[in-house]
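In: predicted model and sequence below, questions to follow.
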Amino acid sequence: MSEDRVRDEDRHRAKMEKRKAAQDAEVAGKTIEKGLLIVNTGPGKGKTTASLGLMLRALGRGWWVACVQFIKGGWDTGERHALERFGTQVSWHTLGEGFTWETQDKARDIAACEEAWAKARELMADESIRLIVLDELNIALRYGYLDLDAVVATLSARRPDLHVVVTGRNAKPALIEAADLVTEMGNVKHHFSAGVKAQEGIEF
Ligand code: ATP
Ligand code: MG
């Protein structure tokens, strides 16, 4: 090996050792264990998909998990079929008729959201469940169909080992404030704007 190459490898090794020491020290400094309040928001695609990924990760750990969909799931989705295979380990709820912008019946939408929220609280009280996804809860909050303060207070008072994932665009600042982990999906490019329709296996 040339001397230059040896020197280069030594430098690289020294640099990596230093980086590893810094990283080990940082990891060692993080000792808190807790159930997280996670929010996936923003205009880009991936909010619900990412929450399903977390469900899969939790299922792989042998945990019991749940999902409440606040918006009517009219579509026959791939995830539903996949998760059904886990049997009772997954508790999946698309509440009542849910609500969509297609209904234009505010009173009925509010009732559906309240029913979904009641189900969410029931699941949160079930100590066998370790992770709950509240899909599109942000939309119900945005429309003012649920009381924001009450929802944030209940989520904040969840038992210490329970992970809750809230999805949907336009997360309310009070929810963001209460959350431990907030991810904003950015819309760099979406195939819809090029006239491509919702694709099986990708969108549903
Ligand atoms: P997904 O369920 O695919 O993870 P999402 O939860 O981030 O998407 P939603 O706001 O719930 O997004 O919208 C659901 C549907 O809208 C999906 O079919 C998704 O492909 C589509 N969508 C998401 N983001 C955009 C966008 N920026 N432009 C157009 N359509 C979008
Ligand atoms: Mg979604």
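Out: Looks like it came in fine. Small disclaimer: the values here were computed from a predicted structure and weren't measured. Ligands and ions are numbered 1, 2, ... in the order given.
In: report the buried residues of stretch 174-193.
Out: Across stretch 174-193, burial judged by 16 or more other Cβ atoms under 10 Å covers 175-176, 178-179, 182, 185. Using the backbone N, CA and C atoms, a C-beta is placed for each residue, glycine as well.
In: using a markdown table, lay out those residues together with pLDDT and distance to residue 161.
Out: What follows is those, written out as a markdown table (pLDDT from 0 to 100; distance: Cβ to Cβ, whole Å):
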| residue | pLDDT | distance to residue 161 |
| --- | --- | --- |
| 175 | 98 | 20 |
| 176 | 98 | 22 |
| 178 | 98 | 17 |
| 179 | 98 | 17 |
| 182 | 98 | 20 |
| 185 | 98 | 27 |
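In: identify the farthest-apart pair in those residues.
Out: 178 and 185 (19.6 Å; Cβ to Cβ).
In: which residue ranges of the chain form helices?
Out: Assigned helices in the chain, in chain order: 3-28, 47-60, 78-84, 106-124, 137-142, 148-156, 173-178 (criterion: DSSP state H).
In: ligand 1 contacts on this protein?
Out: Taking Cβ under 6 Å from any ligand atom as the contact definition, the chain meets ligand 1 at 43-49, 167, 169, 185, 187, 190, 192, 198, 203.
In: who wins for neighbours among those residues?
Out: residue 167 (28 neighbours; other Cβ atoms under 10 Å).
In: most widely separated two among the residues of the chain next to ligand 1?
Out: Longest span within the residues of the chain next to ligand 1, Cβ to Cβ: 167 and 192, 18.4 Å.
In: from the protein, which residue is nearest to ligand 2?
Out: residue 48 (3.2 Å; Cβ to the ion).
In: quick one: contacts for that residue?
Out: 40, 135-136, 167 (Cβ atoms under 8 Å, 6 or more residues apart in numbering).
In: ok, 7 Å please
Out: Contact partners of residue 48, counting by Cβ atoms under 7 Å, 6 or more residues apart in numbering, are 135, 167.
In: let me know the pLDDT of it.
Out: pLDDT, residue 48: 96.
In: nearest to ligand 1, of the buried residues of stretch 174-193?
Out: Checking the buried residues of stretch 174-193 against ligand 1 by Cβ to the nearest ligand atom gives residue 185 as the nearest, at 5.7 Å.
In: give the contact list for the closest one.
Out: 40, 42, 44-47.
In: go with 6 Å
Out: Contacts here follow Cβ atoms under 6 Å, 6 or more residues apart in numbering; on that basis residue 185 touches 42, 44, 46-47.
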